[in-house]
Each structure stands twice: as structure tokens, then as C-alpha cells.
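Visitor: structure for the following, please:
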Amino acid sequence: MQDTEHMLIYDENTHETDARYKALHVTRSYLMNTYVFKKIGNQEIKADIYFAEQTKDEQKRPAVIFIHGGGLIMGHRKAILPEHIQAFHDGGFHFVSINYRLAPETKLPEILDDIRDAWAWLHDKADSLGINRDRMAILGHSAGAYLTLLSGYQLNPRPAAVVSMAGYCKLTSESFTAPAPYYVREYASVDESEARKTIGQHMISESGPNDSMQRYLGRGLFYLFCRQKGIWLYEVTGHDPDDRAWFAKYEPIQNVSASYPPTMLLHGEPDTDIPFEQSLLMQQELARYGVTHKFLRDPNWGHTFLYMPNDESVDEAFRQIVSFLQQHV
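Guide: Alright, predicted model coming up:
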């Protein structure tokens, strides 16, 4: 299933793409097609593929699959800046951005199923899409980076490489099981009834134009409520955080081995949403098992650093990401 769409304008103030903004025709030398890679009832789960320009005698290119963030509660596949897509194209990669079902209506095991199904779909369709199925990497931000780190041992075959931007590897840390001091200190207490009005009973695979993680509106308000009360982990999994045996298979920190894919970690030291220590722990575990990895840290990056337009440190970070993938994919 396929239909052609255009790239949406990116709101540089809120760091979000938004259906309220007018569509831009893509004038660069690549095509973006939207595909439905999975359908559950009436719910279509979609992937956008931004095709890099290929020469006539070129058969297949490697690909980077992007998984958006949003606390597993909100977000959509449009949450990427056009210049970053172009950076991957310039490096020789097709770029794929996927949706997945969102919590709390859908829980973590089923969200992971969507990542597996997107991966299987890409492998199945690779030849017709001009993608080299043996040269596919996964990149994600925040919750998408967590799902990316999960993919390093949950997918079969494993990705050729993974890139985590402001991600996390240990769900059962106090950061996610207790009220978050930053959100308690910096924001007014959210009323539970108001927070729960923003979610529904039916599964969704992308949040809407009135949802904002930066302004804590819509589903973003529910996320803020969960972090203030220390119930985020329960809401996205349906399991008590004390059930450590259940969580073991969903914690990348517990599942690193010598066969884990080459990994790049990026994290801002002052990140107020996902503690920098989460990436530091993952880096230490990768080193312990001798996994090829690179850790890029910055004293000035906030949690949404990748959405800072025209920032040289971010541009350089993406150049290093592309270089790392060119070496290992």
C-alpha cells in the first residue's frame, strides 16, 4: 500500500512538525513515499521513505530507519528536520521514518511488535524499494532511542548498527519509578482528571496537532502528569516496576553481549528529561563486552538538541553519525 505525501513544515519554536502547518513540495532530488506497513482493524501504521537519488546502474542503497520520541505516549514519524534527512542522503543512505502504536492505550510489548513488524516489512520489500536489506541501521531519539537500543537484541536479523540520541537503557531506574524532581519543581502539579482526558480507549499510532511535549498540551500533559507522579513506567507497560523479572528482557542494559551491533550514543549532559547517566551506563556496558561503540556527549545540549536548527554542534554531530554508519553499515 502506498501513497505519496509532501514534507511538512517544521515548527522551529516548538520543535514539532504539525498537521496545522501547510505542506511544502519537496524540491530536492529525492522522492518521499508513505507506506502502510501494518494494519490492525482500521488502524494503519505508516512509514515514510525518503529515497536518496540513485544512478541508473545503482541497484540498492543502505538505509537508516528513524524511530521518533515522545515518551512512548506521543509523537509521529514527521519529527525530523529536513536537513538531517539530507545529511543521510549525502552519506549515501535512504531514510525511513516509522510510526508505532502509542501508550498508554498500547503497552510496551505491542509497541515492540510494531518495531519488529516494520523491520520485517522492510526486509521483505527491500529489493523493490532499492534498499540493501543487509545494510540497514536504526536511529532514534528519546523513547525512540530506547526502542532503538531494544532493537540491538530484539530484532532478527539484528541491525547493522544502532544510534541512540538522548536514549535510556534501564527502565527500572528511580528516574522512571519515582516522581521526577525536575518536573515536580519546575511545573505546576497536573490534575489527574485533566491529564486522563487527553488519552482515549482506542489504539493510535501518531499523536495529533494539539499534542505537545514541549508545551505539555494534550498527550504531553499526560506525560507530565506521569513523570510528576512517578507512574510513567506502569502506564506504558501495565506492570509494577517491582516485577524486575518481567522487565529484564525490556532493559537494554541487561541484554548487551559481544554480538550487540556497533552502537553510537549521543546525549547532552544537562538533559532534564532523560538523565545523562542512562547513556553513560550503556556506554560502560558496551565497553565491558567489547562492542564497537562511540559516545558523543555535550555540556550544552538539552533533551531535544537534535531539533536545534542551524546549530554547528548538532550539524557536526550528524556528520559524525553519518561517518559512523558509513564505517559499520
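Visitor: the lengthiest strand in the chain: which residues count as buried?
Guide: Counting residues, the longest strand in the chain under DSSP state E turns out to be strand 131-141. If you call a residue buried by 16 or more other C-beta atoms under 10 Å, then strand 131-141 has these buried ones: 131-133, 135-141. Heads up, the C-betas are built off the backbone N, CA and C, glycines and all.
Visitor: who touches the closest residue in space to residue 186 that isn't next to it in sequence in this structure?
Guide: Closest residue to residue 186 apart from its sequence neighbours, by C-beta to C-beta, 6 or more residues apart in numbering: residue 272 at 8.0 Å. By C-beta atoms under 8 Å, 6 or more residues apart in numbering, the residues touching residue 272 are 182, 186, 302-303.
Visitor: would you map the strands across the stretch 101-250 of the chain?
Guide: For the stretch 101-250 of the chain, the strands defined by DSSP state E, counting those that start in this stretch occupy 131-141, 161-165.
Visitor: same for the helix or strand hosting residue 86, what does it pack against?
Guide: Assigned by DSSP states H and E, residue 86 belongs to helix 82-90. With contacts defined as 3 or more C-beta pairs under 8 Å, 6 or more residues apart in numbering; DSSP states H and E, helix 82-90 has these neighbours: strand 94-98, helix 312-328.
Visitor: so what secondary structure elements neighbour the first one?
Guide: It refers to strand 94-98. Counting contacts by 3+ C-beta pairs under 8 Å, 6+ apart, strand 94-98 packs against strand 43-50, strand 61-67, helix 82-90, helix 108-129.
Visitor: likewise for the last one?
Guide: Under the contact criterion of 3+ C-beta pairs under 8 Å, 6+ apart, the helices and strands touching helix 312-328 comprise helix 82-90, strand 131-141, strand 161-165, strand 263-268, strand 293-298.
Visitor: which one of the ones you listed is the most hemmed in?
Guide: Most buried of those, by mean neighbour count (mean count of other C-beta atoms under 10 Å): strand 161-165, with a mean of 29.
Visitor: now that strand: average pLDDT?
Guide: For strand 161-165, mean pLDDT is 98.
Visitor: now do stretch 259-274
Guide: Mean predicted lDDT for stretch 259-274 stands at 98.
Visitor: how long is it end to end?
Guide: Terminal residues of stretch 259-274 lie 26 Å apart, using C-alpha to C-alpha, to the nearest Å.
Visitor: phi, psi of residue 39?
Guide: phi -140, psi 130 (degrees, to the nearest 10).
Visitor: can you tell me the closest non-neighbouring residue to it?
Guide: That would be residue 45: by C-beta to C-beta, 6+ apart, it lies 7.1 Å from residue 39.
Visitor: wait, residue 298 sits on residue 270?
Guide: No. Using C-beta atoms under 8 Å, residue 298 makes no contact with residue 270, being 9.1 Å away.
Visitor: among the helices and strands packed on helix 312-328, which is nearest residue 196?
Guide: When those are compared by C-beta to C-beta, strand 131-141 sits nearest residue 196, at 26.2 Å.
Visitor: that older thread, and the residue nearest to residue 39, how many neighbours?
Guide: The number of residues packed near residue 45 is 23, by other C-beta atoms under 10 Å.
Visitor: my read: it touches residue 102, true?
Guide: No. The criterion here is C-beta under 8 Å, and residue 45 misses it with residue 102 at 10.6 Å.
Visitor: mutual contacts of the two, please.
Guide: Among the neighbours of residue 45, those also in contact with residue 102 (C-beta under 8 Å, 6+ apart) are residue 205.
Visitor: could you list the buried residues of stretch 94-105?
Guide: Within stretch 94-105, the residues scored as buried using 16+ other C-beta under 10 Å are 94-104.
Visitor: what sits against residue 149?
Guide: Residues in contact with residue 149 (C-beta under 8 Å, 6+ apart) are 162, 164, 167-169, 252, 263, 282.
Visitor: what do you get if the cut-off is 7 Å, keeping everything else the same?
Guide: Contact analysis of residue 149 by C-beta atoms under 7 Å, 6 or more residues apart in numbering lists 162, 164, 167, 169, 252, 282.
Visitor: distance of the third one relative to residue 231?
Guide: Look at residue 167 and residue 231: by C-beta to C-beta, to the nearest Å, they are 21 Å apart.
Visitor: who's more crowded, the two?
Guide: With neighbours defined as other C-beta under 10 Å, residue 167 and residue 231 compare such that residue 167 has more, 28 against 18.
Visitor: and the closest residue in space to that one that isn't next to it in sequence, how many residues sit next to it?
Guide: With C-beta to C-beta, 6+ apart as the criterion, residue 167 has its nearest non-adjacent residue at 2.6 Å, and that residue is residue 145. Neighbourhood size, residue 145 [other C-beta under 10 Å]: 31.
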